[in-house]
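Student: Dropping the sequence and predicted coords here.
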Amino acid sequence: MITLLLAATLCVVEPADTTVILDDVTITGQKHRDYQMRSSQTTVQVSREFLNQNFAGSLMQTLEGIPGVKAMTIGSGQSKPVIRGLGFNRLAVSEDGIKHEGQQWGDDHGLEIDQFAIDRAEVIKGPAALLYGSDAIGGVLSLYTNHVPTEPFGGSVQLFGRTNNEQLGLSAKIGGRKGKFFYRANATLIDYADFRVPTDSIQYYSYWIKLKDQRLRNTAGCERDGSLMFGYAGYSFHTDVRVSDSYSKSGFFANAHGLEVRLSDIDYDHSRRDIDLPYQWVNHLKVLSHTTWRSGDLSAELNLAYQNNVREECSEPVSHGYMPTPDGSLERRFDKSTYTAGASLRYEHGSHALQGGLSSEYQHNRRDGWGFIIPDFETGSVGGYVMDRYTVRDNLILNAGLRFDYAHTHIHSYEDWYTTPVDGIPVYQQRSEEQRRHFTSLTWSAGVNYSLGKWVMKGNVGKSFRVPIPKELGADGINYHIFRYERGNTQLDPEESYQLDASVSWVNDTWEIEVEPYLNYFPNYIYLSPTAQYVEGLQLYHYTQARVLRYGLEAQATCRLTEHWQVHMQGEYLYARQKSGEKKGYTLPFSTPWSVDAGVKYLLDQQGEGFVGLNAHIVGRQDEIVPPEKPTDGYWTLNLSAGKNFHLKSNTTLSVALHADNLLNRRYYDHTSYYRLIDVPEPGRNVALKVGVEF
């Protein structure tokens, strides 16, 4: 895909320092303003200190306190990001400037990234296709693990755990620098048991299934991560090479994989820490190189990467429909390799900051196993962008840009390995047909940042796009773990979005108030539409397109009552409506309901290195559904968080972080969770504790 980008941003800078506190994300005023001048989009920068002090089990659960950002929890130990109700391939995850490419379409596994290797994060809320291309139509989560050590030797060790799934973990990091050369290494080990829910039984297909000790059997898992980086850091030239490997294995809730588990010889309740069939394992290998060079007003950047993602789903061999009992337990295997290259130039001349770049990507995916859901495929893309940021005056910056992209997708045909009688004749049914699709897109964006006194106002308007992924074009199979049969659509067009984002904030020594409205119009939104049909015992969902209007609002207010006490409230609302198609007049499936958070925090010191906070999370009833979806009742939970740093001798720091969710162990259902379809409530009381030593 090729991209061109020109940019305009209006910003105002005041010399006075104030403090902006965003639900535990604390940023100094002058630094905050300088950072916000970089873009007219709504962005939030998250420091390593915030990640350490607000550990909540997984990376996305840690970031959930940011308005508009949610964690889609999958099973016992993993979660995926959602920004303003959009996730999966509508949300780009970038690690050190490289788009993370796994099997993003999978709803039942998390990010294959070591959260303890991350030094800082940046969340871009709203479309960012100009810089990132396809998949950034809903926002970007940028992760950075390239901090350069300043001492000859240093590191950290962290121990952590969670009570609900009895998680235990250890992470260690070392690094050092000699002259201009540096190195870093990181390793993480995690093991967890079946997670607990506040119910003794669930109902699945009118069958009542009793749970032992209120645990979802076979949801235990483990994770093993490691990374190594070497680099050279000079004044005008920097280069580094990083190799990382992430492996995870987790069980699927046995009863969700079909009622035939009642006839299995496996004793699922023998141990709450073992991983029996059905289960999955995922391994993600990443090799990336990052190089920058600058001379005067000119700077250049080059990013190269290779990623290999292998995922296997294994289950007991059981016949379905006309499929005979298969040999072995390998139901599905996906082996995806991705090659990425990106280069950019930046030149500052007077009031202008010009930037342009080229990016390309090639993906190769092969499948195996006796089950089928997506075919083999190859995709390629190339894109280029150009942008200009023009500083009108100190408090006013404009930006505008253009991007052009070209993408090619080749989907292979697939036929069942067994025969199905059609009009009395046994045939090998075709599940996927050969496809070669070409896509082009021209996107644009323009924005303004303006500041006046204590007010900061931002606005951004533009067009973004997303290429339909192979699953949307060629899927045809059962996805047991989210309880549905999925069927693709070969006629899908690239998804387009016209968006308007705005932000208005007001800050003084006591108050910080911010309101962020947004609007999206999709002429051809792609989504899985639920039907009343059932295929092989599961509800049929098929991909379709419709005109969709989405708009929403995020608002927050923080008041510092004294130097130690502060109160905080934030809320978000999202409206979505289909304007065409078979479900015209309805919202979108699994739409996010409104929510409000209200909390109080006690700061142990003025430096922000210790706090205790209590938060009430309130979620409204979701009656906006797509038939045959069912409404979901509202709920509220009480949550506690605390953190403290202790500075010891010899530049050693001891940090303690505590996070407790659902203190009252309330039973509730999340409308965005697939588990609610089989009457499984969200996890009960869960306390996460992390103790770390940095030296």
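Tutor: Yes, it's here.
Student: all helices for this protein, in order.
Tutor: Counting by DSSP state H, one finds helices in the chain at the ranges 29-36, 48-53, 59-63, 129-132, 470-474.
Student: Please tabulate those in CSV and include mean pLDDT, distance to residue 587 and mean neighbour count as additional columns.
Tutor: Just so you know, the C-beta spots here come from the backbone N, C-alpha and C atoms, and that holds for glycine as well. Formatted as CSV, the helices of the chain follow (pLDDT from 0 to 100; distance: least, Cβ to Cβ, whole Å; neighbours: other Cβ atoms under 10 Å):
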stretch, mean pLDDT, distance to residue 587, mean neighbour count
helix 29-36, 54, 32, 18
helix 48-53, 81, 33, 20
helix 59-63, 83, 24, 24
helix 129-132, 80, 24, 28
helix 470-474, 92, 20, 25
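Student: pLDDT at the residue nearest to the spatial centre of the chain, what is it?
Tutor: Among the residues of the chain, the one closest to the centroid is residue 81, at 2.4 Å (Cα atoms, centre = their mean). pLDDT for residue 81: 84.
Student: so it touches residue 143, yeah?
Tutor: No. Between residue 81 and residue 143 there is no contact, the gap being 10.4 Å when judged by Cβ atoms under 8 Å.
Student: Now do residue 436: how many residues are near it, please.
Tutor: When neighbours are counted by other Cβ atoms under 10 Å, residue 436 registers 9.
Student: any idea how far the closest residue to it other than its chain neighbours is from residue 475?
Tutor: What sits nearest to residue 436 in space, not counting adjacent residues and going by Cβ to Cβ, 6 or more residues apart in numbering, is residue 410, at 5.3 Å. In this view, residue 410 and residue 475 are 16 Å apart by Cβ to Cβ, to the nearest Å.
Student: more neighbours, the two?
Tutor: Neighbours were counted for residue 410 and for residue 475 using other Cβ under 10 Å; residue 475 has more, 25 against 15.
Student: who are the neighbours in contact with the residue lying closest to that one once chain neighbours are set aside?
Tutor: Leaving aside its sequence neighbours, residue 475 sits nearest to residue 488 (Cβ to Cβ, 6+ apart; 4.0 Å). Under the criterion of Cβ atoms under 8 Å, 6 or more residues apart in numbering, the neighbours of residue 488 are 374, 432, 471-476, 542-543.
Student: re the thing from before, list residues touching both of residue 81 and residue 143?
Tutor: Taking Cβ under 8 Å, 6+ apart as the contact criterion, the residues that touch both residue 81 and residue 143 are residue 93.
Student: CA atoms only for stretch 617-631, dumped as CSV, please.
Tutor: Written as CSV, here are the backbone C-alpha positions of stretch 617-631 (Å, rounded to 0.1, in the frame of the first residue of the first chain):
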residue,chain,number,x,y,z
HIS,A,617,-16.9,1.0,37.6
ILE,A,618,-20.5,1.4,36.4
VAL,A,619,-21.7,-0.1,33.1
GLY,A,620,-25.2,0.5,31.6
ARG,A,621,-27.7,-2.1,30.4
GLN,A,622,-27.2,-2.8,26.7
ASP,A,623,-30.5,-3.0,24.9
GLU,A,624,-29.0,-1.9,21.5
ILE,A,625,-28.6,-5.3,19.9
VAL,A,626,-28.6,-7.1,16.5
PRO,A,627,-31.1,-9.9,16.4
PRO,A,628,-30.9,-12.7,17.4
GLU,A,629,-28.6,-11.1,20.0
LYS,A,630,-30.0,-10.8,23.5
PRO,A,631,-29.7,-7.7,25.8
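Student: Identify the residues contacting that stretch?
Tutor: Surrounding stretch 617-631, the residues in contact under the criterion Cβ under 8 Å, 6+ apart are 529-532, 539, 576, 583, 586-591, 593-598, 632-639, 668, 670-671.
Student: how about 6 Å then?
Tutor: With contacts defined as Cβ atoms under 6 Å, 6 or more residues apart in numbering, stretch 617-631 is touched by 530, 532, 583, 586-587, 589, 591, 593-597, 632-637, 671.
Student: among the residues you listed, which are in strands?
Tutor: The subset of the contacts of stretch 617-631 located in strands under the criterion DSSP state E comprises 530, 532, 595-597, 635-637.
Student: ok, back up a step: what distance do you get for the residue nearest to residue 475 to residue 474?
Tutor: In this structure, residue 488 and residue 474 are separated by 5 Å, where distance is defined by Cβ to Cβ.
Student: Please apply the same query to residue 369.
Tutor: Plainly put, residue 369 is 16 Å away from residue 474 if you go by Cβ to Cβ.
Student: Could you do residue 547 as well?
Tutor: Relative to residue 474, residue 547 is positioned 24 Å away (criterion: Cβ to Cβ).
Student: which residues sit in contact with the closest residue in space to residue 251 that isn't next to it in sequence?
Tutor: On the basis of Cβ to Cβ, 6+ apart, the spatially nearest residue to residue 251 that is not a chain neighbour turns out to be residue 218, at 3.9 Å. Residues touching residue 218, when contacts are defined by Cβ under 6 Å, 6+ apart, comprise 251, 254, 268, 276.
Student: Which residue is the nearest non-sequential neighbour of residue 643?
Tutor: Nearest in space to residue 643, with sequence neighbours left out and distances taken as Cβ to Cβ, 6+ apart, is residue 53 at 3.4 Å.
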